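> Show me how the following folds:
(one chain, ligands or ions: 1)
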Amino acid sequence: MKVLILAGSPHVGGTTALLADEFESGAMDAGHKVVRFDTAKLDVHPCIGCYYCRSNDGKCVYKDDMVKIYPELLTADAVVLSTPLYYFGMTAQLKHTLDRFFAVNPKLRESSRKLYLLAAGNDTDDWAMDALKAHYYALCRYLHWEEGGMVLALGTNNRKDLENSEYRKMARSLGASL
Ligand SMILES: Cc1cc2nc3c(=O)[nH]c(=O)nc-3n(C[C@H](O)[C@H](O)[C@H](O)COP(=O)(O)O)c2cc1C
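Numbering: from 1, shown residues only. All right, here's what the predicted structure looks like:
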């Protein structure tokens, strides 16, 4: 299987990067191919809703780093969204990338993939990730993709918190279970 990880944190060595590392190791140990992008380090313009893509065969008006992501996205069997919780949702950097899926919506919806969610946040309230989870379920439903699973690391404000938690193992097992 080919796995595409879209990492959304500006901290490339941070909490969610470690969750993504674990997922990646689990997947690779199980024989899968993994491609990963740090969306916060890429030049990805926010969608401006111009609908150029709709009359230009799914081509976006912006020729930015999405040109590297599109081919990997379209050939991936599984997509992993990895993000710190920012104001109870994903980071803007990851959302920019996600919004740009719009250009290739028809292609994405016609072939099923699995979607995974890895997230970390400082809050410990059991409802803290509810909005993010609802978004994940809506994406699966809209795209006709299978819900692969999620690891939601509550109470992890930094990499150290995560290193000492069970969430690490959970991310690795999820990657291995693809
Ligand atoms: C702008 C901003 C917004 C945040 N919002 C939340 C939040 O709504 N809930 C929460 O639990 N943690 C919140 N956090 C904490 C981060 O989610 C947390 O520190 C996370 O572990 C960072 O992961 P990273 O190292 O992968 O970036 C916020 C942090 C920042 C900088």
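> mind checking how far whichever residue of the chain sits closest to the ligand is from Y62?
Proximity of the chain to the ligand (C-beta to the nearest ligand atom) peaks at G14, 2.3 Å away. Just so you know, the C-beta spots here come from the backbone N, C-alpha and C atoms, and that holds for glycine as well. Per C-beta to C-beta, to the nearest Å, G14 is found 27 Å from Y62.
> Tell me the pLDDT of the residue nearest the centre of the chain.
The residue lying closest to the centre of the chain (C-alpha atoms, centre = their mean) is L81, at 1.3 Å. Looking at L81, its pLDDT reads 98.
> now for the host helix or strand of it, which elements pack on it?
For L81, the host element (DSSP states H and E) is strand 78-84. Judged by 3 or more C-beta pairs under 8 Å, 6 or more residues apart in numbering; DSSP states H and E, strand 78-84 is in contact with strand 2-7, helix 15-29, helix 92-99, strand 114-120.
> Quick check: mean pLDDT of the shortest one?
What that stands for is strand 2-7. Mean predicted lDDT for strand 2-7 stands at 98.
> Buried by neighbour count: which residues of it qualify?
Using 16 or more other C-beta atoms under 10 Å as the test for burial, strand 2-7 gives 3-7.
> returning to that earlier point: possible to save the helices and strands packed on strand 78-84 as TSV with distance to E166?
Formatted as TSV, the helices and strands packed on strand 78-84 follow (distance: least, C-beta to C-beta, whole Å):
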stretch	distance to E166
strand 2-7	21
helix 15-29	11
helix 92-99	24
strand 114-120	13
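> So which of the ones you listed is the most surrounded?
Ranked by mean neighbour count, those are led by strand 114-120 with a mean of 25 (mean count of other C-beta atoms under 10 Å).
> Now that strand: average pLDDT?
Averaging pLDDT along strand 114-120 yields 98.
> Next, the angle from it to strand 78-84.
With axes from the mean of the first three to the mean of the last three C-alpha atoms, to 10 degrees defining the directions, strand 114-120 sits at 10 degrees from strand 78-84.
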